[in-house]
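[1] Any chance you could fold what I've pasted below:
(chains A and B)
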Amino acid sequence: MKIHGEARMNMARSNTCLDHDTLNQFLNQQLLGDEETQVMMHIEGCEDCRTTLTEMTGKACFASEIRDHLGNVEVQNVFGDATTPARSKQDAPPSEDVIPSVADESQADLDQILSLLGPTDDPEMLGRIGPYEIGGVVGRGCTGVVFKAVDKRLNRLVAIKMLSPAFADHGTARCRFEREARSIAAVRDDQVISVFAVADHRGLPYIVMDYMPSGSLQQRIDRSGPLSTHEVTRIGMQIARALGAAHDQGIVHRDVKPANVLLENGMDRAIVTDFGLARVVDETSMTRTGAISGTPQFMSPEQARGELVDHRSDLFSLGSVLYTACTGHPPFRGETIYGVIKQVCETTPRPIRELNPDIQPWICDLINRLQCKDPAERFASAAEVADILEAELAYLQSPATVPKPSRAWRRPVPSSNASGTASIVKKSAVAVGAIAICVAALFGPSETFQFMPSPFAGKDSGEKQDAADSQAEAPMEDRKSSMVFTENPKPKQNVYDKGVQAMDVGELTEAVNFFKQAIEQDQCAAKAAYNIACCHALEKRVDESFGSLQQAIDLGYVDFRHFRDDDDLRNLRNDPRFKKILAELESIEKVNRRISRAIQLRWEKKYEEADKIFKSVLEGDPDNSKAILEYGFSLHLQGKLDEAIAWHRRAAKSRDWDHYGNYNIACYHSLKGEPDLAFVYFKKAIQAGLWDVKQFERDSDLDAIRDDERFEELIELAKSKRLESERRESDQSSF
Amino acid sequence: MNQLPQTRQSLLIRLRDRSDDAWSEFVDVYERAIIGYACRRGLQEADARDVAQEVFAAVSRKLPTWDSDSNRGSFRGWLFRVTRNIAIDRIDQLARGPIDGGGSHAARMLDAEPETDPSDGRAFQLEVRRKIFQWAAEQIRPEVQETSWRAFYLTSVDGMKPSEVAEQLGVSAGAVYAAKFRITARLRELVSRFDHPDDPDEIFPSAQNFTEKPQ
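    I've put the predicted structure just below:
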């Protein structure tokens, strides 16, 4: 028997059980708002219906599978479920042994290690360790040495880390070295250095690892100074992933610093190294000699104080690493080790944007939060940080097509507060800001969509979007420090915000009027259209609501999930037009996701796979300009310049990607030794809205034209265009 | 009885239709199980990865003509046999090379933990199953609101009482039940994509009802 409408609502209130159809519709979210609430209330009190639902969604064994398989969702133990992941060091009994001091004996130590190498018949080599030919020493630590070596069987280069002889007879150190090695081997992550083997040579344990010929993040910063937001996001995401994988195995790195982040291929891939050895040292160094080995600059306060640490200590260090990448300098500096420790424990570092105004505010907030002195106020896990950065990275790459990340972890910035508070002293504002962010986090993610006025300019270029972003969302201390030309901000109430406020108090007609003005003034136009649709939907003016939804989509608001889940749209949900819109948006999102995946593969230099995806996207949608642009770039990176140029030309003709398309053509001509043509397209790119001066100065494709005086002229043109746009944005902004 | 709409779409069938998404799902799920198995047999990671590559190559060659009858058994059973054979080949191949202490010693060392599960095949299948669940969870998580996910996780995985979860998350108990049931249903739908109709339950000997057959 089917029960409908009013009857069903009564049933829901009563004790009579619901029928299968209703429960099924409930599971599939096909009920309207009121009905759904009724059913929810009913199942809250009706055990029989819950039993039915349990049966409908899987038997007891399925429930136990969920528990077993998702219980440790992050634990990736390739050695099978039988082995227990390595436990964190806190579980180990404290060491009673005395570690010999090695600081003064390092040279003697190295000689001793070299004397232990086995004989080799290759005159180029220093000696052998097991089957490995040792080519040289590439690194020294307190407890060991790192060799570059060749595995002759597989003809591959490896790095071998060997415990120093000084620790050879130290039972606990040895045991831990070996156990650590096993657990690192268990951390299988693309961002963690691969361990090929663990063995020992004449009583000294060693670890055989992937050899990474490229430099560290520290070297990169020393050489070329601060990184861009984009680069920091990409590297940060990879470090966070690596730490997450290690934490899941119960390993706390404890020595996260720029020197321990290796960059492969310049920038594309970041790998975290030096797990474990640090731990053997740290465990005893403070307690025995009162001195700290290594630098405390990247330690967390709790670690610097010598307290027990957990994974959140690594998060603090990650924050310090990212701070360094953004500014070029470590956040805490001092004359002495104890001076640094005091700084780490007590002071708030200088705001990043005072040192590098190009860094976007959201990442400053993220770093501030990582660097909270109290571990409980940092993010809960490295995985969470990685996820945030991943979403941001996708957005940075394709601001026009990827929905803006929710940034729910961040302190919401109501524009009404932000307008008239220029008098706050900068320093205290930072501290307050950091605390506010942490407090906001305690309350968990909230639906902040309407409180986060942000331009959703789907048609704008990435650069324009970034400039707007820094304006609209910067906490005030950041904005103040960077925007020299907004010294007299005109507090102008934003009509979009007024609309949101009116909507919040249920003044829907008024809200619609404000949003209409916002669209006219091109303030968050797409979101304004979306919000108008919500207002109309709440008023049950279905046709008008659909009109506005379509307008929102046309303006570039295509967040599929938001359309699907927004409760404000519940009155549209059963309309076939709504389903059609959802289907459309879903397919857009799917394509975008595939393109993002292909871009990711391209970074990993898996060109073949990446190109396959690009091509298949283009097969389905030959005019997808994003795919055209990215595919062309992929061919370009592979050196297939003549194949790539056709795609660059098509991208240059597109509405959304003309700036990058022209830039790529300029690169092509530069590489081909045709400077005149290169400058023509370079100028077109700048005029189309590409102003990334740093990119221009760094891009090796442009080496051939960089000494030309026209290059300087165009750089100046780009700078002035950027400034002009920022000024325009700031005039339009509500702040 | 099963009241859920069946959107079952066998992965194997989709693989045969050469869907890119299906292939990457497939690799995603099986790669770790294959590498894990190869490592348990004593191979180093790089070699284990090679084994996985070879297995995938074999799968892509075999798929167009895959026929469960003529192969007498399940796809997963076949996949495991292929994996085992390729891994053994690789071990033999390495053994013929000039091997000094390092590699084999390392393999022993990495394998030193007591093997409580004597059945390779079962460990392999469990690992696959585990990965399928994790894959499904990864698909669902971005689809739902974070609060719903937490409600599901806290009740279904952490085993907390719905009333406690409701209080902790600040939602009604009904909403917690709704999240729990809906996500469970979706999870089962996704997990069932990996159940090939011809795939007998033999591969999960300890729990025949892992794969619930719709009526």
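
[2] From here on, just use CA atoms for contacts and neighbour counts.
    OK.

[3] C-terminal to the helix or strand of chain B with the lowest mean pLDDT, what's the next element?
    In chain B, no helix or strand scores lower on mean pLDDT, DSSP states H and E than helix B:101-110, which sits at a mean of 36. Next helix or strand after helix B:101-110 toward the C-terminus (DSSP states H and E): helix B:120-140.

[4] all strands for chain B, in order.
    Counting by DSSP state E, one finds no strands in chain B.

[5] repeat for the stretch 1-150 of chain A
    A:127-129, A:132-140, A:144-151 (DSSP state E, counting those that start in this stretch).

[6] pLDDT averaged over the shortest one - what is it?
    It refers to strand A:127-129. Averaging pLDDT along strand A:127-129 gives 83.

[7] Then the longest one?
    Computed over strand A:132-140, the mean pLDDT rounds to 76.

[8] In it, which residues are buried?
    Within strand A:132-140, the residues that qualify as buried are A:132, A:133, A:134, A:135, A:136, A:137, counting by 16 or more other CA atoms under 10 Å in any protein chain shown.

[9] As JSON lines, the residues you listed with distance to chain B would be great.
    Formatted as JSON lines, the buried residues of strand A:132-140 follow (distance: CA to the nearest CA, whole Å):
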{"residue": "A:132", "distance to chain B": "8"}
{"residue": "A:133", "distance to chain B": "12"}
{"residue": "A:134", "distance to chain B": "14"}
{"residue": "A:135", "distance to chain B": "17"}
{"residue": "A:136", "distance to chain B": "19"}
{"residue": "A:137", "distance to chain B": "19"}
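
[10] What's the separation between the spatially closest residue to residue A:356 that is not a sequence neighbour and residue A:625?
    Sequence neighbours aside, residue A:327 is the residue nearest to residue A:356 in space, at 5.8 Å (criterion: CA to CA, 6 or more residues apart in numbering or on different chains). Distance, residue A:327 to residue A:625, using CA to CA, to the nearest Å: 35 Å.

[11] Any figure for the gap between residue A:603 and chain B?
    Going from residue A:603 to chain B by CA to the nearest CA, to the nearest Å gives 18 Å.

[12] Enumerate every residue touching that residue.
    A:268, A:269 (CA atoms under 8 Å, 6 or more residues apart in numbering or on different chains).

[13] how close does it get to residue A:269?
    8 Å.

[14] Quick check: the residue nearest to residue A:356 touching residue A:352?
    Yes. Using CA atoms under 8 Å, residue A:327 is in contact with residue A:352, at 6.4 Å.

[15] Show the model's pLDDT score for residue 7.
    Picked chain A for this. 42.

[16] wait, chain B
    Residue B:7 is assigned a predicted lDDT (pLDDT) of 30.

[17] which non-adjacent residue is nearest residue A:385?
    Sequence neighbours aside, residue A:240 is the residue nearest to residue A:385 in space, at 6.3 Å (criterion: CA to CA, 6+ apart).

[18] hang on, the one you found is in a helix, isn't it?
    Yes. Counting by DSSP: H, G, I helix; E, B strand; the rest coil, residue A:240 is found in a helix.

[19] so what's it up against?
    Applying CA under 8 Å, 6+ apart, the residues near residue A:240 are A:318, A:382, A:383, A:385, A:386.

[20] Only the buried subset of the residues you listed, as a ChimeraX command please.
    Listed next is the ChimeraX selection for buried residues among the contacts of residue A:240, using 16+ other CA under 10 Å:
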select /A:318,382,383,385,386
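
[21] burial of the closest residue to residue A:311 other than its chain neighbours, as a residue count?
    Counting by CA to CA, 6+ apart, residue A:252 is the residue found nearest to residue A:311 once chain neighbours are left out, at 5.4 Å. Residue A:252 has 25 neighbours, counted by other CA atoms under 10 Å in any protein chain shown.

[22] can you pull out the helices in chain B?
    Secondary structure of chain B by DSSP state H: the helices cover B:11-16, B:20-40, B:45-62, B:75-96, B:101-110, B:120-140, B:146-152, B:162-169, B:173-192.

[23] so of those helices, which one's packed in deepest?
    Among the helices of chain B, ranked by average contacts under mean count of other CA atoms under 10 Å in any protein chain shown, first place goes to helix B:173-192 (a mean of 23).

[24] which strands and helices sit next to that helix?
    helix A:20-27, helix A:33-45, helix A:47-56, helix B:120-140, helix B:146-152, helix B:162-169 (3 or more CA pairs under 8 Å, 6 or more residues apart in numbering or on different chains; DSSP states H and E).

[25] I'd like those helices as a markdown table, with mean pLDDT and distance to residue A:584 appended.
    What follows is the helices and strands packed on helix B:173-192, written out as a markdown table (pLDDT from 0 to 100; distance: least, CA to CA, whole Å):
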| stretch | mean pLDDT | distance to residue A:584 |
| --- | --- | --- |
| helix A:20-27 | 84 | 23 |
| helix A:33-45 | 82 | 24 |
| helix A:47-56 | 84 | 30 |
| helix B:120-140 | 79 | 19 |
| helix B:146-152 | 88 | 24 |
| helix B:162-169 | 86 | 33 |
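
[26] Would you format those as JSON lines with distance to residue A:632 included?
    JSON lines is the format used below for the helices and strands packed on helix B:173-192 (distance: least, CA to CA, whole Å):
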{"stretch": "helix A:20-27", "distance to residue A:632": "45"}
{"stretch": "helix A:33-45", "distance to residue A:632": "47"}
{"stretch": "helix A:47-56", "distance to residue A:632": "49"}
{"stretch": "helix B:120-140", "distance to residue A:632": "30"}
{"stretch": "helix B:146-152", "distance to residue A:632": "37"}
{"stretch": "helix B:162-169", "distance to residue A:632": "48"}
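
[27] can you tell which of those helices is closest to residue A:121?
    Nearest to residue A:121 among these is helix B:120-140 (41.8 Å), distances taken as CA to CA.

[28] Any regions of chain B where pLDDT drops low?
    Applying pLDDT under 70 to chain B flags residues B:1-21, B:63-76, B:93-121, B:123, B:195-215.

[29] give me that answer again for 50
    Applying pLDDT under 50 to chain B flags the ranges B:1-9, B:71, B:98-118, B:197-215.

[30] in a strand, that's where residue A:271 is, yeah?
    Yes. Assignment of residue A:271 by three-state DSSP places it within a strand.

[31] show me what contacts the nearest residue to it once chain neighbours are set aside?
    In space, and not counting its chain neighbours, residue A:271 is closest to residue A:191: 4.6 Å by CA to CA, 6+ apart. Applying CA under 8 Å, 6+ apart to residue A:191 gives the contacts A:238, A:239, A:241, A:242, A:269, A:270, A:271, A:272.

[32] How much space separates residue A:191 from chain B?
    Residue A:191 is 15 Å from chain B, by CA to the nearest CA.

[33] per-residue pLDDT, that residue?
    pLDDT, read off for residue A:191, is 73.

[34] Tell me if I'm right that residue A:246 and residue A:272 touch.
    No. Between residue A:246 and residue A:272 there is no contact under CA under 8 Å: 10.1 Å.

[35] on that earlier part again, buried subset of the contacts of residue A:191?
    Neighbour counting by 16+ other CA under 10 Å classes A:238, A:239, A:241, A:242, A:269, A:270, A:271, A:272 among the contacts of residue A:191 as buried.

[36] for those residues, which one is nearest chain B?
    Among these, residue A:241 lies closest to chain B (CA to the nearest CA), at 15.3 Å.

[37] from the middle of its chain, how far away would the helix or strand hosting residue A:209 be?
    Using DSSP H and E, residue A:209 sits in strand A:204-210. Taking CA atoms, centre = their mean, to the nearest Å, one finds strand A:204-210 lying 31 Å from the centre of the chain it belongs to.

[38] Stretch A:243-252 too?
    Relative to its chain's centre, stretch A:243-252 lies at 18 Å (CA atoms, centre = their mean).
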